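Asks: Sequence first, then the predicted structure:
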Amino acid sequence: MDFERLLAPIKIGNLELRNRIVFPPIDVQIHSDDRRVQQRYIDFLTSLVQKNGVGLVISEFTSVANDRFWMPASRIDSDKFIPGFEKLVEEVKRHGARIFMQLAMLGGRAPKGKRIAPSAIQSPLYPGVPEEISRDEIQWLIGKWLDAAQRAKRIGFDGVEVHGGHSYLIGEFMSPHSNLREDEYGGDFEGRMRFPTEIIRGIKASCGSDYPVGIKFSAFEALNDGIRGAMAVDIAQWFEKAGVDYLHVSSSTYMLGGTPYPDVPPLFVPEGPLVEFAARIKKRVSVPVITVAGIVTPDFAHTVIAENKADLVALGRAMFADPEWASKIASGREKEIRPCIRCNMCHKKMIIDRAGEVECTVNPGLLKPPLKPSHRRKRVIVVGAGPGGLEAALMASERGHDVVLFEREDEIGGNVRLGCIPPFKSDLKRLLDHYAWRLEKSAVKFIPSQEAHAPEILSKAPDAVVVAAGARELIPSIPGIGDKRVMYAREFYRSQKLHKKGEGRVAVIGAGTVGCELGWYLSILGRKVFLIDILSFDHWLEEEHPTNRLTLLEKLEEWGVNVLDNATDLSLEQGGELVRLRRDGIEYGISTDIVILSAGYTPSESLFNELRARAEGEDSPAIYQVGDCVSVRDIHWAVLEGYEAGIAI
């Protein structure tokens, strides 16, 4: 595809950007404890803009006041934070990109510390009832935003973005859900818009009318009386009249529901679910409009611009997956882009689990030093061409080793190859295609359709062996489990004839991620599905990212999957044609055409154990174990452990 429109220059105010690609303000959590900018953050943002990369970088959420943010995001409420930002701006601009600072404050959504909001109300937004902000405090905060903007300009930022999205403090003032004030900062639409308007006009007055100022806001809030529909257009037009130079259109759904328009879209929804809001607004304003959220592929991004649905596209997670996303497009190497699978691991680790700096499932080298070649060429055997084995083989090969990759199936991918069969898993299919392309281009010797055994492996005298043998099905203790109408989830996915559209009754036993996806997919195929699990529905998928979980569970309801939670005394009778169970003291009998087990997996450890037992002496190979054969987890851990094994050899 010709990406001419995506790569075309555009102006924000009087400022020209070299292309329409934006890296949005997204946290990475690598600043110091006192929230000063660190060199690793500078290096990361620089990697995005090198070689004609990203046109505009908007730095992460930067607090205008010390609102005790629970993670080490940056601050700009004091001159002591200026030196780090000066280095950042210098490096980004040196590569021809533009950089804005996002100015923000959490307000009532702060998870700890003092919470302030326009009104002291109970709301799904807030972890507790916040304090109502006084008029004096409003004026003080407006001053903090103006001070921050002046610092940003002094530092050399090309402009600033005022954060009014995601129902943070400014968004709380704008929303009829959260602003119940009766003074001049509430009461009606004009009153609710007063706080952000005074900030924007104040910045323009203090920094100069030609200094670019943008606003990020939510065009949809998953809240009673929240922003949506025509009100979002009214807000956009109001801000244009107030003097903003661009509009950054998002939503507010995190931990609130609203899965058709998620602010962190998972792989279960179409790419770019918020584009329709940007398109609606673009028709009614003349300033540039940025669309964001779940845009990952070059073709889609270009189509958005070519069809005039937005003026710029912002990609965050896609840049974690491949920091060279933009530069690869600019140089005609789009096929080399490592695809984001929208698994939301990055967001889950930082925001949900609060477990430290960002990680990316498909790019385990994110924020890490560049790979170094091995000082000695070694013979490496990798067993299993799932994600863990593929990553190990490719990393070892890239570092200069001779690598042989065995796979017992005739194709790569392991469980991922089967898991990306449903139409809502196309992101995962792109990753598998990318691995196939990398494998073909690499020096790895790939041997499909051959199961590798310990004696054969050791007879080749390898210096290192990586075992990525995956996992086998867990067999639950259910009477009748061996009946002829009973199969495992992997058997179903391998059976092409069962993927045809048609009627029929299917019982799926096990409502983990595999079972829920399978129940949804079977419903798409036209089957009547009964999804059974011993756990209560409230505890289904509780290890998943909240947006992923809500989306998947809502899809079960949307497609009419019959949910049977708290199921006990399960048995299969009449050759699997009848499923019996008990719920809340009531016995159920469900007639079925087929029963599919998705009760989980257990590690395949036999090869690793045999290699360890047979490999003795000084000349024995180093043996690594990665992925599900270590412990059954999601794809993130398989890829990470494969990467670590590949660079350890």
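Replies: Thanks, I have it. A quick note: this is a predicted structure, and the numbers were derived from the prediction, not measured.
Asks: distance of residue 22 from residue 295?
Replies: Between residue 22 and residue 295 the computed distance is 10 Å (C-beta to C-beta, to the nearest Å). Just so you know, the C-beta spots here come from the backbone N, C-alpha and C atoms, and that holds for glycine as well.
Asks: Spit out the residues that contact those two alike.
Replies: Common contacts of residue 22 and residue 295 (C-beta atoms under 8 Å, 6 or more residues apart in numbering): 313-315.
Asks: wait, which of those residues is closest to residue 400?
Replies: Among the shared contacts of residue 22 and residue 295, residue 315 lies closest to residue 400 (C-beta to C-beta), at 32.6 Å.
Asks: Report pLDDT for the closest residue to residue 158 other than its chain neighbours.
Replies: Closest residue to residue 158 apart from its sequence neighbours, by C-beta to C-beta, 6 or more residues apart in numbering: residue 98 at 4.5 Å. Looking at residue 98, its pLDDT reads 98.
Asks: Quick check: phi and psi at residue 98.
Replies: In terms of degrees, to the nearest 10, the main-chain angles of residue 98 are phi -110, psi 150.
Asks: go on, residue 589?
Replies: Torsion angles, degrees, to the nearest 10, at residue 589: phi -130, psi 120.
Asks: nearest spatial neighbour of it, skipping sequence neighbours?
Replies: residue 580 (5.4 Å).
Asks: How about the contacts made by the one you found?
Replies: Residues in contact with residue 580 (C-beta under 8 Å, 6+ apart) are 569-573, 587-590.
Asks: In these, find the pair that's most separated.
Replies: Taking C-beta to C-beta as the measure, those span a maximum distance of 14.5 Å, between 572 and 587.
Asks: Counting neighbours, go ahead and name the busier of those two.
Replies: Under the neighbour definition other C-beta atoms under 10 Å, residue 572 and residue 587 were set side by side, and residue 572 has more, 24 against 9.
Asks: Check which helix or strand that one maps to.
Replies: strand 568-573 (DSSP states H and E).
Asks: what sits up against that strand?
Replies: Contacts of strand 568-573 (C-beta under 8 Å, 6+ apart): 478-481, 483, 486, 509, 532, 534, 578-583, 587, 595.
Asks: Could you identify the buried members of these?
Replies: For these, a neighbour count by 16 or more other C-beta atoms under 10 Å gives the buried set as 478, 480-481, 486, 509, 532, 534, 578-581, 595.
Asks: Let me have these in JSON lines, extended by distance to residue 27 and pLDDT.
Replies: What follows is the buried ones among the contacts of strand 568-573, written out as JSON lines (distance: C-beta to C-beta, whole Å; pLDDT from 0 to 100):
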{"residue": "478", "distance to residue 27": "45", "pLDDT": "93"}
{"residue": "480", "distance to residue 27": "51", "pLDDT": "92"}
{"residue": "481", "distance to residue 27": "47", "pLDDT": "90"}
{"residue": "486", "distance to residue 27": "46", "pLDDT": "93"}
{"residue": "509", "distance to residue 27": "40", "pLDDT": "97"}
{"residue": "532", "distance to residue 27": "39", "pLDDT": "98"}
{"residue": "534", "distance to residue 27": "37", "pLDDT": "96"}
{"residue": "578", "distance to residue 27": "52", "pLDDT": "93"}
{"residue": "579", "distance to residue 27": "46", "pLDDT": "95"}
{"residue": "580", "distance to residue 27": "50", "pLDDT": "96"}
{"residue": "581", "distance to residue 27": "45", "pLDDT": "95"}
{"residue": "595", "distance to residue 27": "45", "pLDDT": "95"}
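Asks: now these as TSV including distance to residue 191 and secondary structure?
Replies: TSV is the format used below for those (distance: C-beta to C-beta, whole Å; DSSP: H, G, I helix; E, B strand; the rest coil):
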residue	distance to residue 191	secondary structure
478	62	coil
480	66	coil
481	65	coil
486	64	strand
509	56	strand
532	53	strand
534	53	coil
578	64	strand
579	59	strand
580	62	strand
581	56	strand
595	60	strand
